[in-house]
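**Q** For reference, the sequence and a predicted model appear below.
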Amino acid sequence: MLRLFTKIFLTPKNTISIQSVASAQEDVVVIGEKMQSKIKKLFRGSLAIRQVDAGSDNACEQELTALSNVFYDIERFGIHFVASPRHADMLMVTGPVTRNMAEALKRAYHATPDPKIVVAIGDDAVSGGIYNGSYSVQDGVGDTIPVDYHIPGDPPSPRTILCHLLKILEVLEEKSAQQII
Amino acid sequence: MIDAIVLSSGFIVLVSCFVIGAIGAVLLRKHDALANIWSSFLAIVGSLCGILFSFLALGFSQVTSFTLGSFISPLVSISFTIDKLSVFFIFVISLVALFCSLYGIGYVKHFYKKYSIGALGFFYNLFIVGMLLVVTASNGLFFLIAWEIMSVASYFLVIYDRNDQKNVKAGFLYLVMTHIGTAFIILAFLLLYKFTGSFDFNSIRLGSALIPAYIKDIVFVLAMIGFGTKAGIIPLHIWLPVAHPAAPSHVSGLMSGVMIKTGVYMMIRIFVDILQPVPVWWGLVILVVGSVSALLGVLYALAERDIKQLLAYSSIENIGIILLGVGSSLAFLSLGMPTFALIGLVAALFHTLNHAVFKSILFLSAGSVINQTHTGNMEEHGGLIRHMPQTAFFFLMGSMAISALPPFNGFFSEWLIFQTLFKGMMEINFSAKWIFMASAGALAFTGGLALACFIKAFGSIFLARPRGSKARQAKESSYSLRMGMGGLAAGALLLGIFSANVMSILDRVVRDLSVFQLTPSFISVSPSQSLSSENISLVSAPVLFVSFIVTFIGILLATKYGVYKNQKVHLGTTWDCGTDLTPGMEITPTGLTRSIVTVFKGVLKPSIQHEIEYHDAESRYLPKSRTVILTLDDMYQVYLYIPLRNFITALSERAKEIQSGNINVYIMYIFIALLSSLFLLR
Amino acid sequence: MVIFLWIIQVFFISGLSPLGVGFVRKLKAKFQNRQGASIFQPYKDLWKLFHKDEIISTDASWIFTYTPIIIFATTFFVGASVPLFASFFGSTLASDMLVIIYTLAIGTFFLTLAGIDVGSAFGGFGSSREMTISALAEGGLLFVLLSAALRSNSTNLFTIATAEPFMHADTFLPTILAFFGFFIVLLAETARFPFDNPATHLELTMIHEAMILEYSGKKLALMEWASASKLLIFASLGVNLFFPWGMANSTQPSIILLSGIIFVVKILVVYTAVAVLESSIAKFRYFRLPDLLMVAFVLGGIGIALLI
C-alpha cells in the first residue's frame, strides 16, 4: 500500500492546462435565447451535470467518462456529475432520442429544477447523426425538450467538450479578462 | 387521622364511581348509546377523581391502611394499604383510563347493533375496578380476588369481538396463561402464609426476617413466574401478542399501558418492600430477564406485519427496560447502596408512567387506523398522512416518545436507567458489574432497534402512497377519538419537559417505602428547572426543548427569508426514472426490516417457503403463479410450551390408568387408604 | 472577548464543516494524482443550491418539507454543545453524552421517514439500510463513549474533555481500543467508506445518498450541509473525548489561539485518516457491515472491561 502511495506521489502531474483547453478555439453553438448572465454567474463556481442517455451508442458517454480522469480533471472547475435530475443544473443529453426514451427524457427534463441548461452533445443528439431518418429515432433532442447548446462531434473529444463547457459558463473569458487586467 | 379518613373515603368514592358505571351499563344494556355514554362518562369521572385523589395523597406524609372487615373467613379481610407507591399506580391507571374512556366514546360506536354495549361498559369498568383493587390490596387472598376480577374482566373484553374466531382463541390462550401465573402466585402466598402465619402484607413484612433464606428464594422464583406472566417477560409472553390485538383498541391501550404494569407493581411490592433483605442474585436475575425481554421483544416487533402485534411486542420490550430499573435497584439494595437503589427505582417508575402514556397513544392511533381501513396489516396501509393528518401527528409523537428522542418523556426515563446502569458499572467491585455492563449493552441496542421499529411502523402506515384500496378511502377519526389521543400526546411532551419535577415527585414516592426511609433525596430541582444531583450527571429538559424550538424556528426563517426570497417551489411527480410509479415500487414494511431480520437470523429464525405453479406441469417453463411466504418460526411454542404440554398430557394419560373401571380395584383403593390413614394418625 | 468566543463555539461546527468536506475531497483527488476542486468548493455548491428553485413531489407530505430543517437544526444544536477548544463553555444543561446521541438520532429518524415519504424505490431501500446501520451503530457508539466516560466518572462531555491530559498506563490501552471502535462508528454514521460511498451514482450502492435523491434547491443544501456537520461533530467528539489535550481553560488570547491550533490539527489528522481510508479500500458488501459494527461494539466493551 505504501509503495502504491509513493508511486502516486512521485508520478508527475499531467493534467491538461486551461490554456491548452482554450486553444481548442471552439465556437459555442447557441440555440434559442441566450442564457442570462445572471444564471451563468450562478453556475460558474459550481455546476452539477446529469447525463441522460437517450438511446446513444455510448461513444459520447466514453468521452464524458474521460472528463473525470486525471488528464482532463473536470472537477477542478467545480463541475461534477450527479445521480438525480433533482440535483442537476445541466442536462447533457446524448443519443438520437429513441421512441422508448422520449417520454423518459421529458420526465427527466421536468424533474430538473430551474434554472437549468440543456446541452445536446454529439452529432446524434444534435440532429440524429448517423441515425438520421431512421424509423425508431426522433432525429435529435430539439424536438423533445428545449435545448440551449449544441456540442457537435461524433463523438466530440473530451477537450472539445471541456472547452465548450467552459465557454458556456464564460469561465475562459473571465480568466482571460483577469489575465489582461 | 384526618388524612386517613380523607384518603380512605376518597378511595372508596373512586372505586364506587366505576362500580356505578358498571352496574348502570348492565341496567341500560337495551339502549346502546345510553349504555355507552353512561359507562364512559362515569369512567371519565372516576378517572378524574383518581387523578385528584393521587395529587391529594402525594401531599400527605403517612401510609394509610384500612380494612372493610372480613367475609367468608377471618383470613380474607378486605384490607387496603395506600402508600405512595399505590397512589402512583392509581395515578397511572386513572390517567390512562381518562383518555382511553374519552377515546372510547367515539370508538365504541362501531360496535353498536353488533354486540352488547352494556356488557362492554360493565366489563370495562369492572376491569378498572380490578386494577385499582390490585394496587391497593393488602391481604393476600383479597389480592387474589382482585387479581381474578381484573383477569376475568379483561378476558371478556378480549373476546368481545367474537365474530372473529381468532379473537376467541386469543382470549382462551390469555385465560390459560394468566391462570397459570395465578397458580404460581397462589403457591407463593401459601408459602409465605406457612412461614409467617398471615396473609396480610404488613404482617408478612414485619415477619420477613423469620422466613428461611431458601424459602425466600423459592418464593422469588414463584413470584417471578407468576407476576412475570402478567407482565409479559420472555418466555412467558406468548399471550401478549395475540390478546392485545384482539381487544377493542381503547381496552388494548389500557391493558398494555396499565395491566401489565400491575405485574411490575407486585414485583416491586414483594421484592423491594415486603421481603427485604434479599440476596444479590435476585436483582441480577431480574436484570438478565429484563435485558433478554427488551432485546427479544424489540426484535420480534421489528419482524411483525400487524400493527397491534408490533405494539404488543414493543410493550414486552419496555417491560424489559422497566425490569432493568427494578433489578438494578434490588441489586443495589442488597449491596447496601440505597442511594443508587433509589435512582434505579425512580427510573423504573418513571418509565412505567411514560410507557403507559406513549403506548396508549400508539394503540389508540392504531385503533383509529384499523377502524377506518378495516385491517391491521400494515402492508395494506400507506399514505394515510393525507387522509388522517391528526392521527398521523399523534402517532408520530408517540413514536418519537417511545424511541427515546428528546424532548419527549421516553428519553428522560431511559436516560435515568442508563445512569443507574453506569453507576452499577462504576461503583460495584465484584462480578455483578459484568451483568450491569451486559445490561447497558442490551439497552443500547434496544434503543437503536426500537427507533428502527417505529420508523417502520410510522413509515408503512402513514407515508408514501396507499398500497391498497382499503387505505384510499380512509377518513379522519371523529372528535372524541382525537381528543383522547391528543391529550395523551400533550401529556407525553409535558412529562418530558417537566421531567425534573416528575423525578423529584417520584423520589418522594419511592422514599415512602420502608426500606428507603432513611435515604437522602438524590435530586433537587433548581430554579432554572434543571436536575441537580451530586450523584449523576445533569440534563435540563426545558432548556433542551426551548433550544430545539428556537433553533428550528431560526433556521426556518433564515432559509425562507434570508436567502433567495424569490424561490419558486413547483409540484411534480416523484422522480421515477421515466417509468410510472406503481404502489409496488414503494418499500413495504417487510422490505424495510428484512435486512435487520437477516442480520439477526440466528435469533429470529426466519423461513421462506416458495411455491410455484406452472402452466405446464411437465415442462415447467412458464409459471402461472408464484407464492412466497416469509415467516418467523415460533421458538417458544416449539421448544417450551408444546413439549411441556406433551409432557403433562403424557402424565395425565398415565394417571388415567388408575381409573380401571373395575369395582374390585376401587374397593382395594378404599382399603389401602383406610389402612394408611389409620397408620399415619397413630 | 467572551462573546466572540461564544460565537465561535456556536457557529464553528456548522460554519466550517463544508471546509472539512472540501479538504477530504481535495486529499482524495491528490491521492488520485488529480488536482481536484478547491477546498472551498462545497461552499460554492451550497451557495448555488440556495439559489435554485425546488420541485416537490405530490406524494410528499409535511415530513418531506420540514425534515431538512429539523436535521440541520439538530446538527446545529449538537454542534454548539460539543467541546471544541475551550472548557469553560461546559454548560451542564445540554452537553450530556446521551443527549447528543439521541439528538442525532432525531435527525436519523426524520431522514429515514423523508426517504420513505416520497414513495420512490430508492428512498425506501435507502431508508431500510440506513435504519439497519444506524440501529446497530448506536449500541457501539454508546459503549465506546461510555468507556471514555468511565475514565472521568461522568457522562457530561465537557467533564470528559477536560480530564487530565496525561494517559496513565492503565488507561492507555482502553482509550486506543475505544478510539478504534469510535472511528468505525464515525464512518458508519457519517456515511463514508466502507459503509457508504458519498460520491456514488449507483443507487444499489447508496445508503445516505438514496434518501436525499428527491431533494432539490435549498432543502438539498441543508441536507448536504447537515451531513458535513455530522462528520465534523463526530471528528470533534473523537479527538476531544479520547485525546483530551489542549483544551483552553482561560480566556487569554494566546491560550485560546494555541488551543484552537491544537484542535484544528487534531481534526485534520482525523480527516486525513478518513481520506486515506477512502483512497485505499473499497466499500464493503452490505451484509459484512453488521459484523464491522459488532467489532466496534466489542472494542468498546473491551475498553469498558479494562477500566471497571
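**A** Happy to help now that I have it.
**Q** which ones are touching the spatially most central residue of chain A?
**A** Geometric centre of chain A, nearest residue: A:Met92, 5.4 Å, by CA atoms, centre = their mean. By CB atoms under 8 Å, 6 or more residues apart in numbering or on different chains, the contact list for A:Met92 reads A:Ile49, A:Arg50, A:Gln51, A:Val52, A:Leu64, A:Val119, A:Ile121. From N, CA and C alone the C-beta is placed, and that goes for glycine too.
**Q** Let's see if you can find the most crowded of those.
**A** Greatest neighbour count in the contacts of A:Met92, by other CB atoms under 10 Å in any protein chain shown, goes to A:Ile121: 29 neighbours.
**Q** Look up how far A:Leu166 lies from it.
**A** Relative to A:Leu166, A:Ile121 is positioned 14 Å away (CB to CB, to the nearest Å).
**Q** re the thing from before, list just the nearest of the contacts of A:Met92 to chain B.
**A** A:Val52 (9.2 Å; CB to the nearest CB).
**Q** Isn't the closest one up against A:Thr94?
**A** Yes: counting by CB atoms under 8 Å, A:Val52 touches A:Thr94, with 7.4 Å between them.
**Q** how about the least confident helix or strand in chain C by mean pLDDT, does it reach chain B?
**A** None of the helices or strands of chain C scores lower by mean pLDDT, DSSP states H and E than helix C:157-161, at a mean of 83. Yes: against chain B, helix C:157-161 shows contacts by CB under 8 Å from any CB of the partner chain at C:Thr159.
**Q** Spell out which parts of the stretch 551-682 of chain B neighbour chain C.
**A** Checking the stretch 551-682 of chain B against chain C by CB under 8 Å from any CB, the hits are B:551-552, B:554-556, B:559, B:563-564, B:567-576, B:581, B:585-587, B:591-596, B:598-599.
**Q** thinking again about what came up before, list the buried residues in the next helix or strand after the least confident helix or strand of chain C.
**A** Once the chain leaves helix C:157-161, the next helix or strand it forms, by DSSP states H and E, is helix C:169-189. Across helix C:169-189, burial judged by 16 or more other CB atoms under 10 Å in any protein chain shown covers C:171, C:174-175, C:177-189.
**Q** Any residue of helix C:169-189 touching chain B?
**A** No: against chain B, helix C:169-189 shows no contacts by CB under 8 Å from any CB, the least distance being 11.3 Å.
**Q** pLDDT on that helix, on average?
**A** In this model, helix C:169-189 carries a mean pLDDT of 91.
**Q** Just after it, pick out the following helix or strand.
**A** helix C:208-211.
**Q** Residue of the stretch 51-200 of chain C closest to chain B, please.
**A** Closest point on the stretch 51-200 of chain C to chain B, by CB to the nearest CB, is C:Gly124, at 2.5 Å.
**Q** Which helix or which strand is home to that residue?
**A** Residue-wise, C:Gly124 maps onto helix C:121-152 under DSSP H and E.
**Q** Ok, A:Met92 next?
**A** strand A:90-94.
**Q** buried set for the very next helix or strand once past that strand?
**A** With elements assigned by DSSP H and E, the helix or strand that comes after strand A:90-94 is helix A:99-111. Judged by neighbour count (16+ other CB under 10 Å), helix A:99-111 contains these buried residues: A:Met101, A:Ala102, A:Ala104, A:Leu105, A:Arg107, A:Ala108, A:Tyr109, A:Ala111.
**Q** Would you mind pulling up the elements that helix A:99-111 packs against?
**A** Under the contact criterion of 3 or more CB pairs under 8 Å, 6 or more residues apart in numbering or on different chains; DSSP states H and E, helix A:99-111 touches strand A:47-53, strand A:90-94.
**Q** Can you lay out these as TSV showing mean pLDDT?
**A** Formatted as TSV, the helices and strands packed on helix A:99-111 follow (pLDDT from 0 to 100):
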stretch	mean pLDDT
strand A:47-53	93
strand A:90-94	93
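**Q** Kindly state which of those is positioned closest to C:Ile63.
**A** strand A:47-53 (25.3 Å; CB to CB).
**Q** Can you select the buried ones among the residues of the stretch 551-682 of chain B next to chain C for me in PyMOL?
**A** This is how PyMOL selects the buried members of those, with burial counted by 16+ other CB under 10 Å:
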select buried, chain B and resi 551+552+555+559+564+567+572+573+574+575+576+581+585+586+587+591+592+593+594+595+596+599
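**Q** Widest-spaced pair of the contacts of A:Met92?
**A** For the contacts of A:Met92, the maximum inter-member distance is 12.4 Å, found between A:Arg50 and A:Ile121 (CB to CB).
**Q** Among the contacts of A:Met92, name the ones that also lie close to chain C.
**A** Of the contacts of A:Met92, not one also sits near chain C (CB under 8 Å from any CB).
**Q** picking that back up, so can I have CSV of the buried residues of helix A:99-111 showing pLDDT?
**A** Below are the buried residues of helix A:99-111 laid out as CSV (pLDDT from 0 to 100):
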residue, pLDDT
A:Met101, 90
A:Ala102, 91
A:Ala104, 92
A:Leu105, 93
A:Arg107, 92
A:Ala108, 93
A:Tyr109, 93
A:Ala111, 92
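**Q** And those, which is closest to chain B?
**A** Of the buried residues of helix A:99-111, the one sitting nearest to chain B (CB to the nearest CB) turns out to be A:Ala104, at 2.6 Å.
**Q** Please report how far that closest one lies from A:Lys116.
**A** The value you get for A:Ala104 to A:Lys116, if CB to CB is used, is 17 Å.
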